[in-house]
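In: Sequence isn't available, so here's the structure alone:
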């Protein structure tokens, strides 16, 4: 009986963690999208936007947002 309870508890915890990570990911992506939108405001052409938005800048935004969500976390992109 105890084994069945443990397996059920593990299943419940696994499902809860999976949902928590999904929520975290949605929130992180929403915050990153806001930063992208702010950066692209006023960019009339795709070429202009590409010049403004380098790979390094994208990484900086992602790292900043992740750092803000998780205090003390180390993020590398």
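Out: Okay, I see it. Predicted model only: the values in this text are computed from it and were never measured.

In: Which parts of the lengthiest helix in the chain count as buried, going by neighbours?
Out: When the chain is parsed with DSSP state H, its longest helix is helix 2-40. Neighbour counts using 16 or more other C-beta atoms under 10 Å place 28, 31, 32, 35 of helix 2-40 among the buried residues. In this view, the C-beta of every residue, glycine as well, is placed from N, C-alpha and C.

In: nearest residue to the second one other than its sequence neighbours?
Out: Spatial nearest neighbour of residue 31, chain neighbours left out: residue 65 (4.8 Å); criterion: C-beta to C-beta, 6 or more residues apart in numbering.

In: Distance check, the one you found against residue 54.
Out: Distance, residue 65 to residue 54, using C-beta to C-beta, to the nearest Å: 17 Å.

In: Looking at these two, which is more packed in?
Out: Neighbours were counted for residue 65 and for residue 54 using other C-beta atoms under 10 Å; residue 65 has more, 20 against 10.

In: for the more buried one, what are its contacts?
Out: Residues near residue 65 by C-beta atoms under 8 Å, 6 or more residues apart in numbering: 28, 31, 32, 35.

In: Which pLDDT value goes with residue 26?
Out: Per-residue pLDDT puts residue 26 at 90.

In: swap that for residue 33, sorry
Out: Value listed for residue 33 in the pLDDT field: 82.

In: do the same with residue 57
Out: At residue 57, pLDDT is 80.

In: just residue 21 next, same as before
Out: 89.

In: can you check residue 15 too?
Out: 91.

In: The chain should start at 51 in everything you say after this.
Out: With the count now opening at 51, the last piece we talked about shows up as residue 65.

In: how close does residue 63 sit to residue 70?
Out: Distance of residue 63 to residue 70, given as C-beta to C-beta: 10 Å.
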